[in-house]
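**Q** fold the following for me, if possible:
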Amino acid sequence: MSFPFGPFPVSDRLRFRLPSFSDSAFYLKLMNEPDYVRYIADHGIETESDALHYIKSKTLRRFTLNKVGLWLVELKDPIEPIGVCGLVVRNELDYPDLGFAFLEAYRGQGYGQEAARAVLEFVRDKLKLKRLCAITHPENEPSARLLRKIGFEKDGQRHLAEIGATSDYYLWQSGSRRF
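**A** Residues are numbered from 1 along each chain as shown. Sure, this is the predicted structure:
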């Protein structure tokens, strides 16, 4: 599955952009937050050099292969990175996977929902996709709640070899009444 490169999602308070090599300190911080490690993965990112390697080999590689990935999400004012949000194409899933992670200091302020809605609008209006999926750790209730708010419905669980775990599985269809 491949998509046209650019433009990016947009929202009132947030800016989406490709990650750059200068974002390694942000990635180091985000990927070592306790909830990220618990609910997403421990990628063994211990230094900015590790984070830079991750940006090159994983994050930017997804954009190269599929033209979509996890965009870096910044506040517009002041310009400051606060999280990532976008689409992950996984061989084991039938649809692109909506993914997101935000620094703890920015959770509970509506940024995750705003970013996810912006990606859904982008998916519907620019990419013309009718369906997405999302996966969450079974104990990650805040992410599950956000997915339900924006129109995803739980559809059981899936074991993904790529992540080595069983996740709750959600589906979204364009035209959802809650979107």
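
**Q** going along the chain, name the strands of the protein.
**A** 14-17, 70-76, 79-88, 97-102, 131-136, 153-160, 165-173 (DSSP state E).

**Q** and the shortest one, what's buried?
**A** The neighbour-count criterion (16 or more other Cβ atoms under 10 Å) identifies 14-16 as the buried residues of strand 14-17. Any C-beta I mention is one placed from the backbone N, CA and C, and that applies to glycine too.

**Q** now the last one
**A** Counting neighbours by 16+ other Cβ under 10 Å, one finds that the buried residues in strand 165-173 are 167-172.

**Q** ok, of these, which one's closest to residue 95?
**A** Nearest to residue 95 among these: residue 171, at 7.5 Å, using Cβ to Cβ.

**Q** which residue comes closest to that closest one once chain neighbours are left out?
**A** Nearest non-adjacent residue to residue 171, counting by Cβ to Cβ, 6 or more residues apart in numbering: residue 155, 4.8 Å away.

**Q** same thing with residue 163?
**A** Going by Cβ to Cβ, 6+ apart, residue 163 has residue 41 as its nearest residue, at 6.7 Å.

**Q** gap between the one you found and residue 97?
**A** Per Cβ to Cβ, to the nearest Å, residue 41 is found 14 Å from residue 97.

**Q** now do the end-to-end distance for stretch 49-64.
**A** One end of stretch 49-64 sits 21 Å from the other (Cα to Cα, to the nearest Å).

**Q** so where is this structure shaky, pLDDT-wise?
**A** Within the chain, the segments meeting pLDDT under 70 span 1-6, 176-179.

**Q** where exactly do the helices run in it?
**A** Per DSSP state H, the chain carries helices over the ranges 24-30, 34-39, 48-54, 60-66, 111-125, 141-149.

**Q** list the buried ones in the longest one?
**A** In this case it means helix 111-125. Of all the residues in helix 111-125, those buried under the rule 16+ other Cβ under 10 Å are 111-120, 122-124.

**Q** going by distance to residue 58, which of those wins?
**A** Comparing the buried residues of helix 111-125 against residue 58 with Cβ to Cβ places residue 119 closest, at 18.7 Å.

**Q** what's that closest one in contact with, if anything?
**A** 9, 85-87, 98 (Cβ atoms under 8 Å, 6 or more residues apart in numbering).

**Q** okay, it and residue 144: tell me how far apart.
**A** 17 Å.

**Q** and for residue 54?
**A** 26 Å.

**Q** tell me how far stretch 86-103 lies from the chain's centre.
**A** Taking Cα atoms, centre = their mean, to the nearest Å, one finds stretch 86-103 lying 6 Å from the centre of the chain it belongs to.

**Q** re earlier: would CSV of the helices of the chain with distance to residue 162 be doable?
**A** Shown next, in CSV, are those (distance: least, Cβ to Cβ, whole Å):
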stretch, distance to residue 162
helix 24-30, 20
helix 34-39, 16
helix 48-54, 16
helix 60-66, 12
helix 111-125, 21
helix 141-149, 18
